[in-house]
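1. quick one: sequence and predicted model below, then my questions.
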Amino acid sequence: MHQPKPALPTLDEVRSHIEAAATPALLMLVAHITGDVTVLREEWRPDPALLPHGRLDPAEERRVREFCLARLEGHLESAEPWPTRPSAEVLAAIGAWSLGPGVSQAAQLLDAALVPDGTDPRAPGWTLEEEAPGRTLRAAIIGAGISGLLAGLRMKQAGIPFTIFEKGTNVGGTWWDNTYPDCRTDVHSHIYTYSFFPHDWPSYFSRQHVIHGYLRRFAEENGLIDHIAFGTEVSEASWDDRKSTWRLSTTGDGADTTHEFEVLVSAVGQLNRPLIPEIEGLADFSGPAFHSAEWDHTVDFTGKRVAVIGTGASALQFVPALAGTAERLTVFQRSAPWLMPTPELRDDIADDERWLLRNLPFYRAYYRFSIFLPRAIGQLDAATVDPDYPPTERAVSAANERLRVMLTDYLVAQADGREDLVGKIVPNYPPGAKRIVRDDGTWVATLKRDDVDLVSDKVVRVDAHGVWTESGDHVEADVILFGTGFTASEFLTPMRVTGVHGKDLHETWGIDACAYMGLTLPDFPNFFCLYGPNTNLVLHGNLVFFLECQSAYVLSAIKVLLDTGKSAMSLRPEVFDEYCDEVTAASALRAWGWSKTHSWYQNAEGRSTIMWPLPAQRYLEGTERAHAEHYDFI
Ligand SMILES: Cc1cc2nc3c(=O)[nH]c(=O)nc-3n(C[C@H](O)[C@H](O)[C@H](O)COP(=O)(O)OP(=O)(O)OC[C@H]3O[C@@H](n4cnc5c(N)ncnc54)[C@H](O)[C@@H]3O)c2cc1C
């Protein structure tokens, strides 16, 4: 396939920005345009962990860029159209080159990795009117975060009437609620983006307000805002057996109301309800005390003594941002986080590089490809338990041990001989058992400051003036900040959801939530969850991609339903059971399921209902389309 010649930059324009080009993406682009895979030379092969950047020596990088420019010259100047996609062979060669030897890749993942600008491969190619003229089918979506907005767009593309109920006052979910200092994504922005709706990201890992701006633009440009009922919380959703509809009870905007829909999509997120641990005496504290997701911007930290409870991903962002302003910061940690070295974490993208991303056709697509593919395959192996190793709380396999050594060296080198700090900052559990947090050296540098203390002693009590630890120390504080995460495994709470014959979703789940591909379960007809149980990712995969798979599946399921002419579809119990067994068995063999360390990846009984434990490829296959034979129809 070829596309009409895009509005191309001139050769001189490309030349004047080429110094900023990531050489791997450039070489992939040249292989695509020329069809010549010999340009992907062995000596220019990137380290997958460092992509999108090549990190050859600077002189060699210059040579690669000159080489690419020479290869592109004719194509930029000729009137010939450019191929829209490379052949399967060329794409496979590009994938193999970027992943390195010995890494098996799957054709579907390769295809998913390449989404050229102006394309939307997962958009439904049908409409309700075409499939079932005159049929009433309305969808309710709960939540207007990155998941709910995507579901809304897909409904809109299929011509399905829909309403998004959002308890907050704006779109964005996580990226609207979390306004603490230096809140940013720790997934590369170019893959924390809908694949079909690119953005001119200013930094490699963008800040909260930038991500929120992107999601707001997405909602506005796609005409979704008018479909959103803001300030409206869904308190209950119940299936009406007689009418085959979902009845939603909502509160907010001064009125309690009920609504009726044929299809229900929950997009309430996993990390939307802040978790503040129950600590004796907290109510007696005389100063401000709040959670990172509910930041009180009226508090001036200048000269304040601040106690921070928790060292999860959020605390690792806001603590360094407060250091230097607060008089003293005391950080209480239950267990230390593993840190993934990411030098560019707080760097802006150079203007020249942004120019290439905006203007050189296919450069952005390969830039994304080069980040997406290696991380989709990721390091699942390094988090997989080898029963013969034997697994311990140090490491669960030889590969896990290698990762541990690499990450330990990174931490120890920064401690700079301070043995007291090494003892506290090197985790005592296997890498992958908890979220690995990205770091550019800021965390340990912050802990080494004279005005920052790291305390590993357990917090047991709070009084008016500060925090008591288990050892009997009292730390005086003017402000307490909670970086203690969310009620992640309490999926869909506090909503009450009832299915066929009034069956209660939370009673059905207990503390072991499970849904087929995180999406749906028996006796809850026409009901789908986005970012549901077991769809979070640690070392492999990418959440936005998973959300794209989920939304595509929901639309595919609706099409299956329409094709049958029936009112409702409910997952067959045997499909559900087989799937849940597969996921439970796989979870037990991952570091996060095996380790006894406490984390939000595990529920109260130590089982993981949060993480996706299988290769990303398995998820892609499992969600590619809904199969009629997986469902009972009503
Ligand atoms: C600080 C922070 C940083 C993160 N960083 C990353 C990252 O770098 N990479 C990554 O992959 N993930 C990250 N995450 C996870 C993040 O939550 C997801 O990436 C993503 O934003 C989830 O989107 P969502 O739309 O599914 O849920 P959310 O963004 O949580 O949105 C859910 C929406 O549903 C609404 N809602 C909930 N219940 C109801 C109800 N009953 N009625 C009406 N509305 C309701 C909420 O108000 C909210 O707007 C981070 C999370 C946090 C908290």
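-> Perfect, thanks for sending it.

2. the residue lying closest to Trp592 once chain neighbours are set aside: what secondary structure?
-> What sits nearest to Trp592 in space, not counting adjacent residues and going by C-beta to C-beta, 6 or more residues apart in numbering, is Tyr601, at 4.3 Å. The C-beta positions use only the backbone N, C-alpha and C, and glycine is treated the same way. Under DSSP: H, G, I helix; E, B strand; the rest coil, Tyr601 falls in the coil class.

3. count residues in the vicinity of Arg45, would you?
-> For Arg45, the count of nearby residues is 18 (other C-beta atoms under 10 Å).

4. now swap in the one 3 residues further on and tell me
-> Pro48 has 17 neighbouring residues, counting by other C-beta under 10 Å.

5. how about the most centrally placed residue in the chain, nearest residue that isn't a chain neighbour?
-> Of all residues in the chain, the one closest to the mean position by C-alpha atoms, centre = their mean is Leu543, 3.5 Å from it. Using C-beta to C-beta, 6+ apart and skipping the chain neighbours, the partner closest in space to Leu543 is Leu537 (5.9 Å).

6. that's a helix at Phe196, yeah?
-> No - remark: Phe196 does not belong to a helix; assigned using three-state DSSP, it is coil.

7. this protein against the ligand: which residues are in contact?
-> For the chain, the contact set with the ligand under C-beta under 6 Å from any ligand atom comprises 142-148, 165-168, 173-174, 178, 183, 185-187, 192, 233-234, 267-269, 271-272, 314, 495, 530-531, 543.

8. thinking again about what came up before, read off the pLDDT value for the residue nearest to Leu543.
-> Looking at Leu537, its pLDDT stands at 90.

9. okay, now it: neighbour count?
-> Leu537 has 21 nearby residues by other C-beta under 10 Å.

10. roughly how far does it sit from Arg354?
-> 27 Å (C-beta to C-beta, to the nearest Å).

11. repeat for Tyr363
-> Relative to Arg354, and taking C-beta to C-beta, Tyr363 is found at 11 Å.

12. next: Leu345.
-> From Leu345 across to Arg354, the span is 18 Å (C-beta to C-beta).

13. repeat that for Ile160.
-> 37 Å.

14. ok, the two, which is more surrounded?
-> A direct count of neighbours by other C-beta under 10 Å for Ile160 and Arg354 places Ile160 higher, at 22 against 17.

15. so the more buried one sits against Trp126, correct?
-> No - counting by C-beta atoms under 8 Å, Ile160 stays clear of Trp126, with 10.5 Å between them.

16. anything in contact with each of the two?
-> The contact sets of Ile160 and Trp126 do not overlap (C-beta atoms under 8 Å, 6 or more residues apart in numbering).

17. on that earlier part again, show the model's pLDDT score for the residue nearest to the centre of the chain.
-> Per the predicted model, pLDDT is 96 at Leu543.

18. does Trp443 touch Leu339 like I think?
-> Yes - using C-beta under 8 Å, Trp443 makes contact with Leu339 at a distance of 6.2 Å.

19. any shared contact partners between those two?
-> Common neighbours of Trp443 and Leu339 (C-beta under 8 Å, 6+ apart) are Val437.

20. show me where pLDDT drops low in the chain?
-> Scanning the chain for pLDDT under 70 picks out 1-6, 254-255.

21. quick revisit: residue contacts, the residue nearest to Leu543?
-> Neighbour list for Leu537: 543, 546, 611-612, 616 [criterion: C-beta under 8 Å, 6+ apart].

22. filter those down to just the ones in helices.
-> Of the contacts of Leu537, the ones assigned to helices by DSSP state H are 543, 546, 616.

23. which of those sits closest to Ile309?
-> Relative to Ile309, the closest of the ones in helices among the contacts of Leu537 is Leu543; by C-beta to C-beta it sits at 26.4 Å.

24. secondary structure element holding His32?
-> Secondary structure assignment for His32, by DSSP states H and E: helix 23-34.

25. who's in contact with that helix?
-> With C-beta under 8 Å, 6+ apart, helix 23-34 has contacts from 18, 36-37, 39-40, 44, 46, 51-54, 56, 61, 64-65, 68, 71-72, 75, 82-83, 86, 90, 93-94, 97-98, 360, 362-363, 366-367, 369-370.

26. what's the following helix or strand after it?
-> Next helix or strand after helix 23-34 toward the C-terminus (DSSP H and E): helix 58-77.

27. could I get the CA-only coordinates of that following helix as PDB?
-> Listed next in PDB are the C-alpha coordinates belonging to helix 58-77 (Å, rounded to 0.1, in the frame of the first residue of the first chain):
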ATOM      1  CA  PRO A  58      29.000  10.500  18.900                       C
ATOM      2  CA  ALA A  59      31.200  10.200  15.800                       C
ATOM      3  CA  GLU A  60      29.400   7.000  14.700                       C
ATOM      4  CA  GLU A  61      26.000   8.500  15.400                       C
ATOM      5  CA  ARG A  62      26.900  11.400  13.000                       C
ATOM      6  CA  ARG A  63      27.900   8.900  10.400                       C
ATOM      7  CA  VAL A  64      24.600   7.100  10.700                       C
ATOM      8  CA  ARG A  65      22.700  10.300  10.400                       C
ATOM      9  CA  GLU A  66      24.700  11.300   7.200                       C
ATOM     10  CA  PHE A  67      24.100   7.800   5.800                       C
ATOM     11  CA  CYS A  68      20.400   8.100   6.400                       C
ATOM     12  CA  LEU A  69      20.200  11.600   5.000                       C
ATOM     13  CA  ALA A  70      21.900  10.400   1.800                       C
ATOM     14  CA  ARG A  71      19.400   7.500   1.600                       C
ATOM     15  CA  LEU A  72      16.400   9.700   2.200                       C
ATOM     16  CA  GLU A  73      17.500  12.400  -0.200                       C
ATOM     17  CA  GLY A  74      16.000  11.000  -3.300                       C
ATOM     18  CA  HIS A  75      12.800  10.000  -1.600                       C
ATOM     19  CA  LEU A  76      12.300  13.500  -0.100                       C
ATOM     20  CA  GLU A  77      12.800  15.100  -3.500                       C
END
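
28. note down every partner strand of the helix or strand just after it and its orientation.
-> Downstream of helix 58-77, the first helix or strand assigned by DSSP H and E is strand 82-83. The strands beside strand 82-83 in its sheet (DSSP bridges) come out as strand 2-3 (antiparallel).

29. helices or strands up against the next helix or strand along the chain from the strand it pairs with?
-> Of the helices and strands lying after strand 2-3 in sequence (DSSP H and E), the nearest is helix 11-17. Where contact means 3 or more C-beta pairs under 8 Å, 6 or more residues apart in numbering; DSSP states H and E, helix 11-17 is packed against helix 58-77, helix 351-359.

30. circling back: can you tell me which of the contacts of helix 23-34 are buried?
-> 18, 37, 39-40, 44, 46, 51-54, 56, 61, 64-65, 68, 71-72, 75, 82-83, 86, 90, 93-94, 97-98, 360, 362-363, 366-367, 369-370 (16 or more other C-beta atoms under 10 Å).

31. could you chop this structure up by domain?
-> Annotated domains of the chain cover 2-94+356-377, 131-272+491-633, 282-344+381-482 [automatic domain parsing].

32. sec struct for the residue lying closest to Asp186 once chain neighbours are set aside, please.
-> Nearest residue to Asp186, sequence neighbours excluded (C-beta to C-beta, 6+ apart): Arg438, at 4.2 Å. Under three-state DSSP, Arg438 falls in the strand class.

33. same check on Val396?
-> Applying three-state DSSP: Val396 is coil.

34. so who does it touch?
-> By C-beta under 8 Å, 6+ apart, the contact set of Val396 is 383-386, 389, 430, 432, 591, 594-595.

35. of those, which belong to strands?
-> Of the positions in the contacts of Val396, not one sits in strands, assigned by DSSP state E.
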